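Asks: need the 3D shape of this:
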Amino acid sequence: MSYERENKLGKLNISKNVIANIAGGAATECYGVVGMASQHLLMDGIAEVLKKENFAKGIEIKQSDDGKMSIDIYLVIAYGIKISEIALEVQKKVRYVLESTLEISVTSVNVFVQDIKVIG
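Replies: The predicted structure is shown next:
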């Protein structure tokens, strides 16, 4: 499935993997984010940190009938930083990047913290 948009020059199809990679790149640039996590936890509640080529495994994109997007992001964050501040920053940055680069209307960005890592 993909996001479709039409203008006077023609039709544009953007795959959900492209949207997920852009959103994942924006999220991992935020302070306090160690990396993206898979939507499914591994054994014993341990989350796997995903590499850049697998960002789509840590993001779920839902598109409504009117073309608006809802995005779920699964993250691993650093220990010692306020979780609510990291989540708010990720929400703002992902929404801004998607709306400015792809001109996609984003209704919500939901952040799920899968794990906390001690960086040191």
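
Asks: counting by contacts, list what the longest strand seen in the chain packs against.
Replies: What stands out as the longest strand in the chain, according to DSSP state E, is strand 106-117. Applying 3 or more C-beta pairs under 8 Å, 6 or more residues apart in numbering; DSSP states H and E, we find strand 106-117 packed against strand 33-37, strand 69-78, helix 83-101. In this view, the C-beta of every residue, glycine as well, is placed from N, C-alpha and C.

Asks: quick one: contacts for Y96?
Replies: A26 (C-beta atoms under 8 Å, 6 or more residues apart in numbering).

Asks: one more time with 6 Å, if that's ok
Replies: By C-beta atoms under 6 Å, 6 or more residues apart in numbering, the contact set of Y96 is empty.

Asks: again with I116
Replies: Neighbouring residues of I116 by C-beta under 6 Å, 6+ apart: 77, 79.

Asks: please name the bridge partners of it.
Replies: Taking DSSP bridges as the rule, I116 bridges to I77.

Asks: given the helix-or-strand element of the chain with minimal mean pLDDT, what are its sheet partners and their directions?
Replies: Least confident helix or strand, the chain: strand 49-50 with a mean of 72, by mean pLDDT, DSSP states H and E. Here strand 49-50 is paired, per DSSP bridges, with strand 33-37 (antiparallel).
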